[in-house]
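# Sharing a sequence plus its predicted fold:
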Amino acid sequence: MGEMKLYELVNQYHIGTELTCAEAMFMACNEYYHLNLSEETRKMFSVMGIGMQTEHSCCGAFTVAVGIIGLMTAKEGQTDVDNMEGYQMISELTDFMLGFYGTLHCMELQRLEITGFENPCHAIVEALAKKLEELLEGCSMMLSANEEQLYS
């Protein structure tokens, strides 16, 4: 993980650029976690910004964050139902968004007035990045502890 925090990278990719919230979250996570995800993967996530390009769907940055959680927690060959760690993180991320902003819906989020931010999406994407980093930090600590037990 780099010297910058994940939210700082997200802001760098999002504020003052043409990138959507989803693209900024993807680019920042790819760099921060050294995922080396392909251009094809970037393209897949690129249409998720602006509420799946319609403003009538889920926040794109949230959707990308959920994808990153899946990528970081799913085991090879594991089915969706077996990934309880991922489920717990997504549940926490959802509860965070609903508790703090009251919705996951892009259009509703864009209408919020958030003190200190000209564009509410900048605040939301930053907060999502902070929460995602917190959740995945716990994940990496658990993975490290499990690896230590295996090799001792």
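Thanks, I have the structure now.

# can you give me the helices in the protein?
Here the chain has its helices, by DSSP state H, at 6-14, 21-32, 39-46, 49-50, 60-73, 84-101, 106-110, 120-151.

# Residue 28 is in contact with residue 37, correct?
No. Look at residue 37 against residue 28 with CB atoms under 8 Å: they stay out of range, at 11.8 Å. Where C-beta positions appear, they are placed from N, C-alpha and C, glycine not excepted.

# Pick out whichever of these two has more residues nearby.
residue 28 (30 against 18; other CB atoms under 10 Å).

# Residue 9 is in contact with that one, correct?
Yes. Here residue 28 lies in contact with residue 9, judged by CB under 8 Å, at a distance of 3.8 Å.

# quick one: pLDDT of the most centrally placed residue in the chain?
By CA atoms, centre = their mean, the chain has its centre lying nearest to residue 65, at 2.2 Å. Looking at residue 65, its pLDDT reads 97.

# try the one 10 residues further on
Taken from the predicted model, the pLDDT recorded for residue 75 is 88.

# and residue 112, how far is that from residue 98?
The gap separating residue 112 from residue 98 is 13 Å, by CB to CB, to the nearest Å.

# Show me which of the two is the more surrounded one.
Neighbour totals were compared for residue 112 and residue 98, and residue 112 leads with 14 against 11 (other CB under 10 Å).

# Could you tell me how far the closest residue to that one other than its chain neighbours is located from residue 66?
Counting by CB to CB, 6 or more residues apart in numbering, residue 120 is the residue found nearest to residue 112 once chain neighbours are left out, at 4.3 Å. Counting by CB to CB, the separation of residue 120 from residue 66 is 20 Å.
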